[in-house]
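1. show me the folded form of this:
(chains A and B)
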Amino acid sequence: MGNVDELEALLRPPELEMPPYPPKVITLASGEKMVVRQIDREEVPTLLEAIYPLLWVERDYYDIVSARLFGELLAYKRYRVKNEYVLVGLIDGVLAGMVNGHLVDEKVGMSYHTMTIRRGLRVGSHLFAAKMEYHMEFLNQEEVLIVAESPIGFRRWMIEYPLQKKYEVPHELGGGPSWVLTKKTYLAAKPRLVSGSRPVPPELLAGAQTIVLPEEETVKAQVLGGKGGGK
Amino acid sequence: MRPVAVIGAGMTKFGRSEWPLLKLMNVASLAALRDANLGDVKVDGVVVANMGAARLNKQTALASALADSLNLLPAMAESVENGPASGASAFKIGYQAIASRMADVVLVTGVEMMRAVNNLEATDFVASLTHPEAEYIYGVTLPALAGMFARLYMERYGITREHLAMVAIKNHANAMKNPYAHIHQTVTMEGILTAPEAVVNNPPIAEPLHMFDCCPVSDGAAAVVLATQEIAEKLGRPIVRVAGIGQATDTHAVHERPDPTELTAVRLAAQRAFAMAGLSAQDIDVAELHDAFTILEIAESEEVGFFKKGEGHKALAAGVTSLVGKLPINPSGGLKAKGHPVGATGVAQLVELTWQLRGEAGERQVESAKNAFACNFGGFGNNVVATVLTREG
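-> Sure, this is the predicted structure:
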């Protein structure tokens, strides 16, 4: 029998140095302030709890995004993915959304998922932009590989930025052809898509240190949106 | 012609429906019929307003389907398509049937299920109401027409993007008090206009109009039951009488109008409705205007005679049109926030006004409302139906 620690070391992908994502604050359309910050591994179980009820929500592909994100978060927590990071958006400490991705190598990043809990305020758009900001401005990467699993994602990323095809590179999510955000495209899109300010005022940052989960029913209502119903 | 009253009103929550089209119609219609509490009195007419089910949902002859589905056979039934003014047109036809003694009780239901397709297709579907050779083939959409209209209107009358944002903020706030509204989300001037992040929060759609200047794409249904005054009087509740209906048309292609900032059909439809009601714009206590775009609420508020031309934005800024102002406009949240399932919109406006006149509008109730006005704007103002409702007693 080999040494367990040595085996664990073999199981963990080798990691590159990653500077942390500096938190920022974004004013939303509602006037509310959303703090965007990076989480550490100890906070993953809280996010899993938020995602769990959405595993069976078919609308807008929440089921597949939830299921994959669930696995990616576990892989991050248990060191089974290379250089993963997770950013969250918090409004008054309450989870509004989350994004994650990882480094393929020093110059190339890979976007994993964007999940919005609080819909209708472009939270997903802001968080995706923060993710790209992390890759381009703090990790100093040249490009990010991206796919969309939903039509909403396709409109937000492929069309709005707009991304370019890089079909010769299969994406880790499903093995489909990748799209790519280059640094040039990022910088061109930045004025209209990347926002927020730093440093985050201390009182706001303090209020965002503990992730508060919205009620499950609130999450479902926000995710599902308006359904028909008589008076 | 004999007098006609609204004796029942109901609607579904607007938004994105997981129900099929027929169920949407059924739910709204049953809510209105329950509200009417007809007892043994039979419905002898069904009118359904819809703009695009044939294209969006592969379904036609909706009125026949509804009459059978609700076991209203052998009531006469017909579907009405008049673009975004389909709802008020259907209401007018229901009114005419009763006033002319062809029927005693008519169910008028408006329905649209636009989210069966993606936003691009929905926008293209609505654009099909534009002039096919002068507008549509060049890619003109309703947001594009509204953008050009807004730019000219703003230049001429000193309206700013802040005024447009005021409409959105007001109507989103009203919708927060309406459980049937598509969007339950307050917005602030900072968040949609003045903060640096507003560039992302409120992106341009058709300059100078931005996302929060435009109504959402919605599914939904709304229904009213119309009856003779005699039947209404037996129900023992406040009578909401149909006091006036006016309709007018304008050129199909907007560029053919002598002055594109003049919404002539809106003005004429309102004048005709007020004349029929024996009232004036100054007698109105509450109004639902067709704010598919924020600029339209301001422009319509002037054309129908509430304010002088070029003064609507000043009244808005002074709070006159707020829920607690002298003349609340769009207490429901309007198309802007309540939502805009095009075929249902005109009926939903009248559902809201019926509730307002009966004092049943809950948190968004306008105090002591007696006379109410609705403007249902078809095309880009080329076919407009105005309605005046009055509470009796």
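2. alpha carbons only for contacts and neighbour counts from here, please
-> OK.
3. count of neighbours near B:Gly333?
-> 30 (other C-alpha atoms under 10 Å in any protein chain shown).
4. so it sits right up against B:Ala181, yeah?
-> Yes: between B:Gly333 and B:Ala181 there is a contact under C-alpha atoms under 8 Å: 7.0 Å.
5. identify the contacts common to those two.
-> Overlap of the contact sets of B:Gly333 and B:Ala181 (by C-alpha atoms under 8 Å, 6 or more residues apart in numbering or on different chains) consists of B:Ala175.
6. remind me which residues of chain A are low pLDDT?
-> Within chain A, the segments meeting pLDDT under 70 span A:1-2, A:225-231.
7. strands of that one, start to end?
-> With DSSP state E, the ranges of strands along chain A come out as A:24-27, A:33-38, A:84-91, A:94-103, A:108-116, A:143-146, A:164-170, A:177-182.
8. tell me the helices and strands packed up against the third one.
-> Read that as strand A:84-91. Applying 3 or more C-alpha pairs under 8 Å, 6 or more residues apart in numbering or on different chains; DSSP states H and E, one finds that strand A:84-91 makes contact with strand A:33-38, strand A:94-103, helix A:123-133.
9. what's the answer for the second one, then?
-> For strand A:33-38, the elements it packs on are strand A:24-27, strand A:84-91, judged by 3+ C-alpha pairs under 8 Å, 6+ apart.
10. how about residue 51, what does it touch?
-> No chain specified, so I'll use chain A. Taking C-alpha under 8 Å, 6+ apart, one finds A:66, A:70 in contact with A:Ile51.
11. other chain: chain B
-> Applying C-alpha under 8 Å, 6+ apart to B:Met51 gives the contacts B:80-84, B:86, B:112, B:342-343.
12. now do A:Trp179
-> So A:Trp179 contacts A:145-147, A:158, A:163-167 (C-alpha under 8 Å, 6+ apart).
13. ok, now B:Val385?
-> Applying C-alpha under 8 Å, 6+ apart to B:Val385 gives the contacts B:85, B:88-89, B:245-248, B:266, B:269-270, B:375-378.
14. doesn't it lie inside a helix?
-> No: assessed by DSSP: H, G, I helix; E, B strand; the rest coil, B:Val385 does not belong to a helix; its assignment is strand.
15. pLDDT at the closest residue to B:Leu152 other than its chain neighbours, what is it?
-> Excluding its sequence neighbours, the residue lying closest to B:Leu152 (C-alpha to C-alpha, 6 or more residues apart in numbering or on different chains) is B:Thr261, at 7.0 Å. Listed pLDDT for B:Thr261 reads 96.
16. also B:Glu18?
-> pLDDT at B:Glu18 comes out at 86.
17. how many other residues sit next to it?
-> 17.
18. and what of A:Val104?
-> Residues near A:Val104, counting by other C-alpha under 10 Å, number 17.
19. likewise for A:Asp92?
-> Neighbourhood size, A:Asp92 [other C-alpha under 10 Å]: 19.
20. and the gap between it and chain B?
-> 16 Å (C-alpha to the nearest C-alpha, to the nearest Å).
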